[in-house]
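In: sequence? don't have it. structure:
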């Protein structure tokens, strides 16, 4: 089993749609969780941290389910500019982060 | 502006040649990391350093070497022993001075290495 697993997609959605990504992780002791965004041929950039109580930043909502060891990202009212690869990132051990392979989102007009 | 500078942006290597990728930061962060990204795969950790003059192997260290003589600099050498070096290389720092990862990592803009 991979340490961090994501559905690679691509998710093709129209503008204005709501889309959700899930990610599962293997280590139940993990404490820190993130979603990063990566544009084509660019470096990853932190989108948001994921907290146990769930957190929201504008159109983006992140949830953590420790019992099932999965993280989700919900994007509401999708924009063309949301098109990117979304990386699920988990601290697995020794204060090091492990990155999922990413989920591709394509928002179309 | 504070940040991480990676150079060069593009690098071409001949078979059997060693090349060095530069990573410089002025964020005053202690921990620095080198990752490799291949198409369709997640980032894989090559080496990391949590303090000057100390570094640790990551998951795929074979064929690579690093040094950490200064806090600001963490260069990566891709040696001829690395059989498949063509990839996107990313340098990162940990924003948390205590070594925790609660704030995530900050990345440089990367170096694309191609073997010709």
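Out: Arrived safely, thanks for sending. Note that the coordinates shown come from a computational prediction; the quantities given were computed from them, not determined experimentally.
In: If we ignore the residues flanking it in sequence, what's nearest residue B:79?
Out: Once flanking residues are discounted, residue B:79 sits nearest to residue B:18: 5.1 Å by CB to CB, 6 or more residues apart in numbering or on different chains. In short, each C-beta sits where N, CA and C put it, glycine included.
In: May I ask you to confirm that that neighbour is in contact with residue B:80?
Out: Yes. Look at residue B:18 against residue B:80 with CB atoms under 8 Å: they come within range, at 6.0 Å.
In: Which residue is the nearest non-sequential neighbour of the most centrally placed residue in chain B?
Out: Geometric centre of chain B, nearest residue: residue B:34, 2.7 Å, by CA atoms, centre = their mean. In space, and not counting its chain neighbours, residue B:34 is closest to residue B:46: 4.3 Å by CB to CB, 6+ apart.
In: Repeat that for residue A:62.
Out: residue A:50 (4.3 Å).
In: and the one you found, how far is that from chain B?
Out: Computed as CB to the nearest CB, to the nearest Å, the residue A:50 to chain B distance reads 11 Å.
In: And residue A:87, by the same measure?
Out: Distance of residue A:87 to chain B, computed by CB to the nearest CB: 7 Å.
In: tell me which element that residue is part of?
Out: Assessed by DSSP states H and E, residue A:87 sits inside strand A:84-93.
In: what does that strand rub up against?
Out: Applying CB atoms under 8 Å, 6 or more residues apart in numbering or on different chains, the set of residues contacting strand A:84-93 from outside is A:3-4, A:6, A:21, A:23, A:25-27, A:29-40, A:44, A:47, A:71, A:73, A:97-105, B:42-43, B:101, B:104.
In: redo that, cut-off 6 Å
Out: A:3-4, A:6, A:21, A:23, A:25, A:27, A:30-39, A:44, A:71, A:97-100, A:102-104, B:101 (CB atoms under 6 Å, 6 or more residues apart in numbering or on different chains).
In: Looking at these, which are in helices?
Out: Per DSSP state H, helices hold no members of the contacts of strand A:84-93.
In: filter those residues to the buried ones?
Out: Among the contacts of strand A:84-93, those scoring as buried are A:3-4, A:6, A:21, A:23, A:25, A:30, A:32-38, A:44, A:71, A:97-100, A:102-104, B:101 (criterion: 16 or more other CB atoms under 10 Å in any protein chain shown).
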